[in-house]
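Asks: curious how this folds, go ahead:
(chains A, B, C and D)
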Protein chains: 2
Amino acid sequence: MTTIRSEATSARRRGPSMADVARAANVSGQTVSRVSNGRHNVDPETRERVLEAMRRLGYRPNSAARALRSGRFHSIGVIMFTLSSFGNMRTLDAIAIAAADAGYSITLIPVPHPTQGEISVAFDRLSEEAVDGVIIIVEAHLLDENDVVLPAGLPVVVVDSTAGDRYPVVDTDQAHGARLATEHLLGLGHRTVWHLAGPERSYSATHRRESWEATLRAHGADVPRALVGDWSSESGHELGLRLAADPEVTAIFAANDQMALGVLRAMHEAGRSVPGDVSVVGFDDMEESRSFWPPLTTVRQFFGEVGRRSVEALLHEVESGERDESMLVATELVVRASTAAPRA
Amino acid sequence: MTTIRSEATSARRRGPSMADVARAANVSGQTVSRVSNGRHNVDPETRERVLEAMRRLGYRPNSAARALRSGRFHSIGVIMFTLSSFGNMRTLDAIAIAAADAGYSITLIPVPHPTQGEISVAFDRLSEEAVDGVIIIVEAHLLDENDVVLPAGLPVVVVDSTAGDRYPVVDTDQAHGARLATEHLLGLGHRTVWHLAGPERSYSATHRRESWEATLRAHGADVPRALVGDWSSESGHELGLRLAADPEVTAIFAANDQMALGVLRAMHEAGRSVPGDVSVVGFDDMEESRSFWPPLTTVRQFFGEVGRRSVEALLHEVESGERDESMLVATELVVRASTAAPRA
DNA sequence: GGGTTGCATGTTCACGTCAACATGCGATGC
DNA sequence: GCATCGCATGTTGACGTGAACATGCAACCC
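Replies: Residues are numbered from 1 along each chain as shown, chains lettered A, B, ... in the order given. The predicted structure follows:
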């Protein structure tokens, strides 16, 4: 009459619970709980007996019950585009590590396609209470356009984007990086710098472009029309061919390394030497950039830092209820072989 | 006396529960549950009243309570190295999408460093019951060396590796891909093919290398000594310089695209033309490979397919209890401009 | 020696949900 | 006109855990 269940539902049997361990160790459930949570007010001998029982039975604490009891899930949701950029992946890595260090796990909430509907679907997953906070790595304009409603009271940090002043943002200092790149080229003696921008509705692309333009103006240089790509090396190649055809062009700042790669290919195809005829600077410093031909001068982003800081900010809000300030992470220029002074 | 709590713990207030909704809609909790789960045996008018109350209160079902009640978490754990390869990221993407489609979320279990201790730590997270099954994207030798104990009864699928016959494996058909690459080069008329292998203890590297060697033998070609890299473009560059110094070398099969990129750079530096003097083939077909200089001939892996299939296999086991067979996903040769017939 | 303190351990109950089992009521059948 | 059925809705209890509140016992104090 008591345990028919264990027979009936044999296909999906649950593991042992605290009660089972308690029985086996001849203690109360509460003592098992104390051992399980590493409390110190347990007699060493009793503790050992309980641990032994746990081992023997293969006991695993049930996190659902724990979460139900405590109201905390010890999990951070990360909303991001799938097949996202190299940088986002690196950021995700750092987030995962930082979260793990803090005892939180990461729940991925993928957005397969950045279309109206899909985004909402992703956020719908949040309507099921299962995370303590959320880190969003999605271009902010998509949030705006979808008038996504985040559950009230859920801590949120936005990465690599902007969020007006609705949420704290952790981001690379795009403007700083773009200035470094532009000034590097001007400093080498180039009359001006052409720009291969990222998609118009991307905030990071916009920031880089605006800063490039501002830097040129500050130095009294002409501001050529920016060419707009889509972050892909393919688009870099296509637009690069156009720039290669113009002998005026001696310095190019591409908004990411992948487009810079496409530009390098275009220059090779057009028979223009890099950096002899044309200097090229990228943005990101991806793993491979040092092995491009020629090795790429680029702006290094510290994705790890961005990831770490965003977790820090989020957990601070989760645990204290206070919202952090937004913050920017500096960049660094990495000079390699794709830039040089223009021909005399 | 009843609700001091809502005042006292104002900092960490829980959201409304079913009971709150029930009260607001003047129905029983069970009816709320039925509406929440989309059951059909609810009067349309009642349903509307409940939905209205949910909306008004901002009700979100508590997944912890649900999981506790049902014994299912609707979550898949993914154990993988951080800063992992391009391919693993693509696989992860596909896994996330496939899981989301099936109504499961992904819990990331990162392994910061593939050292003894770290791996065990990652698996310890599993000892806290919170996922219905696990997909492991970690080189299998690490599992062996750490005699990791997975919780008994937890469904597991291993990706891109081997697991003896302990668990089902979903993997790219490495041998097939390596054969395609090697035969392509032999077919162009090269006397033999040099190989830049991945790290010795990587199963995929070993499979590719063994298949390369077997293919050469099958065609009666000499088998040069393989050079061993670490998957990075840096190592490809370093070893590439050695190959560049040997005029005998006319065809190189690199075990991944990143090393192939390093080889291309080495050839440029050494003044050997690709594909004029030396043909180069990679493995993976990463996004950027088409923009290398010259665009890289490579073996395409279908990471998306691997991810999808692994989720399929795992969920099949989770839901039916039956273990799937291991399976291989075919590859495809993508011929671009880095390969040609040898000089006469 | 009676009271107090400190510590290991036990008991009770609520966290939010949902399956299983009522209940209640109008419609249908003979 | 009374039994039967179908359907909407309600009540009860258990899932596994851990906070809050006992209890029980030894050591200590004056």
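
Asks: please enumerate the helices of chain A.
Replies: A:5-8, A:18-25, A:29-36, A:44-57, A:63-70, A:86-101, A:116-126, A:140-145, A:174-187, A:203-218, A:233-244, A:257-270, A:303-320 (DSSP state H).

Asks: in chain A, where is pLDDT below threshold?
Replies: Within chain A, the ranges that satisfy pLDDT under 70 run A:1-13, A:82-84, A:112-122, A:140-149, A:163-164.

Asks: tell me how many other residues crowd A:P16.
Replies: By other CB atoms under 10 Å in any protein chain shown, 17 other residues sit near A:P16. From N, CA and C alone the C-beta is placed, and that goes for glycine too.

Asks: which residues touch it?
Replies: By CB atoms under 8 Å, 6 or more residues apart in numbering or on different chains, the contact list for A:P16 reads A:57-59.

Asks: which members of these are classed as buried?
Replies: A:57, A:59 (16 or more other CB atoms under 10 Å in any protein chain shown).

Asks: which residues does the residue nearest to the spatial centre of chain A contact?
Replies: Centroid-nearest residue in chain A, with CA atoms, centre = their mean: A:T91, separated by 3.2 Å. Going by CB under 8 Å, 6+ apart, A:T91 touches A:137, A:159-160, A:303-304, A:306-307, A:310.

Asks: write out the residues of chain A neighbouring DNA strand C.
Replies: A:26-31, A:34, A:40-43, A:45-47, A:65, A:68-69, A:71 (CB under 7 Å from any atom of the strand).

Asks: go again with 10 Å.
Replies: Contacts of chain A with DNA strand C, taken as CB under 10 Å from any atom of the strand, map to A:8-9, A:18-19, A:22, A:25-35, A:39-47, A:49-50, A:64-71, A:128-129.

Asks: now, which of those residues lie close to DNA strand D?
Replies: Within the set of the residues of chain A next to DNA strand C, contact with DNA strand D (CB under 10 Å from any atom of the strand) is found for A:18-19, A:22, A:28-35, A:39, A:41, A:64-70.

Asks: coming back round to it: pipe the helices of chain A into a markdown table and attach distance to B:P294 per row.
Replies: A markdown table is the format used below for the helices of chain A (distance: least, CB to CB, whole Å):
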| stretch | distance to B:P294 |
| --- | --- |
| helix A:5-8 | 65 |
| helix A:18-25 | 64 |
| helix A:29-36 | 60 |
| helix A:44-57 | 59 |
| helix A:63-70 | 52 |
| helix A:86-101 | 22 |
| helix A:116-126 | 37 |
| helix A:140-145 | 37 |
| helix A:174-187 | 27 |
| helix A:203-218 | 29 |
| helix A:233-244 | 12 |
| helix A:257-270 | 8 |
| helix A:303-320 | 30 |
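
Asks: deepest of these, which one?
Replies: Greatest average neighbour count among the helices of chain A goes to helix A:257-270 (a mean of 26), per mean count of other CB atoms under 10 Å in any protein chain shown.

Asks: quick one, that helix and helix B:257-270 angle?
Replies: Counting by axes from the mean of the first three to the mean of the last three CA atoms, to 10 degrees, helix A:257-270 points 40 degrees away from the direction of helix B:257-270.

Asks: alpha carbons of helix A:257-270, as PDB, please.
Replies: Listed next in PDB are the C-alpha coordinates belonging to helix A:257-270 (Å, rounded to 0.1, in the frame of the first residue of the first chain):
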ATOM      1  CA  ASP A 257      38.000  41.900 -38.200                       C
ATOM      2  CA  GLN A 258      35.900  39.800 -40.500                       C
ATOM      3  CA  MET A 259      35.100  42.600 -42.800                       C
ATOM      4  CA  ALA A 260      38.800  43.600 -42.600                       C
ATOM      5  CA  LEU A 261      39.600  40.100 -43.800                       C
ATOM      6  CA  GLY A 262      37.400  40.600 -46.800                       C
ATOM      7  CA  VAL A 263      39.100  43.900 -47.500                       C
ATOM      8  CA  LEU A 264      42.500  42.200 -47.500                       C
ATOM      9  CA  ARG A 265      41.300  39.600 -50.000                       C
ATOM     10  CA  ALA A 266      39.900  42.400 -52.200                       C
ATOM     11  CA  MET A 267      43.200  44.200 -52.100                       C
ATOM     12  CA  HIS A 268      45.100  41.100 -53.100                       C
ATOM     13  CA  GLU A 269      42.700  40.400 -55.900                       C
ATOM     14  CA  ALA A 270      43.000  44.000 -57.100                       C
END
